[in-house]
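Q: Sequence plus predicted model, see below.
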Amino acid sequence: MTDNILEQLNDSQREAVTYCGGASLVIAGAGSGKTRVLTYKIAYLLGQGFMPWNILALTFTNKAAREMKERIGALVGIEQARRLNMGTFHSVFSRILRTEAQAIGYSPNFTIYDQSDSRSLVKAIIKEMGLDEKVYKHTSVADRISMAKNRLMLPQAYASSRQTVSDDVARKMPAVKDIYLRYCDRCRQANAMDFDDLLVNTFVLFDRNEDIRRKYSERFGYVLVDEYQDTNYAQQAIVTQLTRDHQHICAVGDDAQSIYSFRGANIDNILNFTSSYDGARLFKLEQNYRSTQFIVQAANSLIKHNSRQIPKDTFSRNEQGEKLVLKPAYSDKEEALIVCNDIKRIRREERCEYSDFAILYRTNSQSRSFEECMRKMNIPYHIYGGMSFYQRKEIKDVIAYFRVVVNPDDEEALRRIINYPSRGIGDTTLGRIVAAATLNGVSLWTVICSPVAYGLDVNKGTIGKLGKFRDLVMGWGERANTDDAYTIGRDIISDSGVSCDIYSGRDPEDIARQENLEEFLSGMQDFVESRREEGMEEHVALADFLQEVSLLTDLDSDTEVDSPKVSLMTVHSAKGLEFPTVFIVGLEENIFPSPMCTSSMRELEEERRLLYVAVTRAEKHCILTCAQNRFRYGRMEYDTPSRFLRDFDPSLIRMDNGSPEASFQAHGSAGWKTYESSGSRFVNSKPVATQFKADLKMPHVERLKPASSFGKTVQPTASFTNSSGSSSMVSSHELCEGSMIEHQRFGMGEVLRIEGVGENMKATVNFRNAGTKQLLLKFAKYKVIK
Ligand SMILES: Nc1ncnc2c1ncn2[C@@H]1O[C@H](COP(=O)(O)OP(=O)(O)OP(=O)(O)O)[C@@H](O)[C@H]1O
Ligand SMILES: [Mg+2]
């Protein structure tokens, strides 16, 4: 069997798979089979006598872990694959922490705080400490705390580090160290860990309990890590704790795809791997199996502009393929239309499925125009990430109930539901409970259970209401030990009054909330049934369901996709994936690079790596789009093409703005480049200007498509000039300066100036609602009013 498996690998991959003599690192460009090496290596190890439960594979998303398990199942059988330890760092470590909770002073039913829980706790602490909330922005403070944790810096170390303290003083937030300390105390009192704690506490657990560390080091006799370039310091330190005795570690990654430094990922992990593990072997894979030659070459030409990287030479032996296509659009609406038309066309021409297409964007908010257009054009799609199902208010409320039932000390959940639906326990009472809890160093729940003992200053009526609430929670708590998650979950939703509240309204929003709740419940039922089918658990507890739900990351899909659908996602979420056709949209200066990431070379290089990740998702077609005008923040904004477009080797990009002779100018390092689509030939022109933006801000030339496709395609701009097209509906000779016209898109306007003759005749028109525009008359569609 092993031989058979090895035959499906090239020589370098095979070498990496069969090397078991110590630590190994596989560094290779995108699509060169790194994940495949990990998958096959696991199958190989099983063939060499490793037991599945002795193998630990760490992936970046839960979805990636599931997929890897399936692939291994196909190689070695599902039974073996099921017993492997696989998952994200957070899910694997949270399971270890539940088992070993006592050793670090937690109880096993601890809650996992998500980002909004942590932020709201930080906010509450800032308020309690009487700090100025304008100076101490809770999100920035929470980020500082998170960064410290990802560097394994505990509050005491933070407070005594000259670096962090002076950083905080410079940010005018000297009290961050005190907030951090109080935050940790509060998490402990609430028997809660935030996402970063899952790492910090695992490190501390192993660091302070040598016997436990050794137990897990022996249990995980081989550790494999995918996407190693995006691990942070804490993750890397734990992997070292687990593997330093046996050195059985295989990490795979690509420094050129490191895109998570904002979450503390440290590219140095990859650069320092060989110094952390004595005698570690480094493997390089150079052949890309995913993409056409042109796509690989274009991606290489882009990334070579980054200075900090491990030199690699990635090539493809797949077909040469077609060049990357650049499709500039006039507006975000038109951009969506171009993409949707292309999807329909390619699907028809190549007889492929909607699932063969992905639309990748820099930020989630860009999905809106595509969604609208796809709905209109009946294209099925699925959005990954964004506002997760589990982040919706009604679902968060229900989950908060579950959390309180499983762990009544959970402060954030308790605050959320103590008076929802309203039961007469208002903000004043809650404030007093918090004060009593803080004073006594106990959880809110402890105060609620013994209000008199903790000197809670409230009247008798309120004590009675608190008592009722406590009995309700305790009653569910008892049932949670015996009932399955679905049964108890359903009853909590109805007995708490949540379902009554949600089913009381009839407007569309209420109905959407009701549907969400029903979907949520059927998801719970599914969860219970599938766990039973897998024979994993006799009693599928509410706590198991919570464990699963609280670790869904924003990168995991909300629901499984059953029928073929176009995938819409951010580039970050697309890591590791591949699609025959990829659209990279919104390639504009204020979107990609993100305007928040242009202040330093380091940030810009990370944005460039992000674009490299995007391009390398494509197997056959990679289509780039940008829009000149975009509706954002409630108004139309003008934007220029992304600076990254000039990084690509121009001979690998074909410009397509709907005309056989179009040109596109972008300012490159060597001056201006003119990309011409004529005969797919790109010409580097002499430097003609130094100001990219200034030139692109010239009034644009409007060109519409022939009458038959009116309204579908509007072509741009000063930078995208065009010299061919079809005649307009209205002959321009009627027209003179001072005429009033009605334009099909821009409405009423007065002609200010007419220039040029014949084919080149242009009018500058002052539109009442759309401002001043220049129209190339042979294409413009308008009526002369007077
Ligand atoms: N030796 C091979 N023979 C055939 N197909 C291969 C081979 N190696 C890799 N592939 C295929 O190439 C594609 C890319 O492989 P894989 O996803 O493992 O690359 P990767 O290096 O992990 O990419 P990324 O950097 O994007 O994570 C997959 O479809 C994989 O099955
Ligand atoms: Mg991969």
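A: Ah, there it is. Ligands and ions are numbered 1, 2, ... in the order given.
Q: From here on, just use CA atoms for contacts and neighbour counts.
A: Fine.
Q: quick one: average pLDDT of stretch 736-746?
A: Mean pLDDT, computed over stretch 736-746, is 81.
Q: How far off centre is it?
A: Per CA atoms, centre = their mean, to the nearest Å, the displacement of stretch 736-746 from the mean C-alpha position of its chain is 45 Å.
Q: Spell out which residues of this structure are next to ligand 2.
A: Residues of the chain found near ligand 2, taking CA under 5 Å from the ion as the criterion, are 35, 576.
Q: Longest helix of the chain, counting residues only.
A: In terms of residue count, the longest helix belonging to the chain (DSSP state H) is helix 508-533.
Q: For the closest residue to residue 214 other than its chain neighbours, give its distance to ligand 1.
A: Computed as CA to CA, 6 or more residues apart in numbering, the closest residue to residue 214 that is not its neighbour in sequence is residue 242, at 7.7 Å. Taking CA to the nearest ligand atom, to the nearest Å as the measure, residue 242 and ligand 1 are separated by 24 Å.
Q: Near residue 242, how many other residues are there?
A: Neighbouring residues of residue 242 were enumerated by other CA atoms under 10 Å; the total is 26.
Q: does residue 330 count as helix, strand or coil?
A: When the structure is split into helix, strand and coil by DSSP: H, G, I helix; E, B strand; the rest coil, residue 330 lands in strand.
Q: neighbours of it, just the number please.
A: Using other CA under 10 Å, residue 330 has 23 neighbouring residues.
Q: My read is that it contacts residue 631, right?
A: No - shown here, residue 330 and residue 631 do not form a contact pair, counting by CA atoms under 8 Å, at 11.5 Å.
Q: How are the helices of the stretch 1-150 of the chain distributed by residue range?
A: Defined through DSSP state H, counting those that start in this stretch, the helices belonging to the stretch 1-150 of the chain, from first to last, are 2-6, 11-18, 34-47, 62-76, 78-82, 89-100, 115-128, 138-150.
Q: Next, give phi and psi for residue 319.
A: Residue 319 adopts backbone torsions of phi -60, psi 160, taken as degrees, to the nearest 10.
Q: before we move on, back to that, moving C-terminal of the longest helix of the chain, what's the next helix or strand?
A: Once helix 508-533 ends, the next helix or strand along the chain (criterion: DSSP states H and E) is helix 542-550.
Q: So for residue 586, what's the nearest residue that isn't a sequence neighbour?
A: Counting by CA to CA, 6+ apart, residue 626 is the residue found nearest to residue 586 once chain neighbours are left out, at 4.7 Å.
Q: which SSE is the one you found in?
A: Counting by DSSP H and E, the element that carries residue 626 is strand 618-632.
Q: Now do that strand: which elements does it pack against?
A: helix 293-303, strand 324-331, helix 332-350, strand 579-584, strand 635-638 (3 or more CA pairs under 8 Å, 6 or more residues apart in numbering; DSSP states H and E).
Q: That one near ligand 1 at all?
A: No - when contact is scored as CA under 6 Å from any ligand atom, no part of strand 618-632 falls within range of ligand 1; the minimum is 8.8 Å.
Q: Would you mind listing what in this protein touches ligand 1?
A: If contact is defined as CA under 6 Å from any ligand atom, the residues of the chain in contact with ligand 1 are 8-10, 29-36, 289-290, 576.
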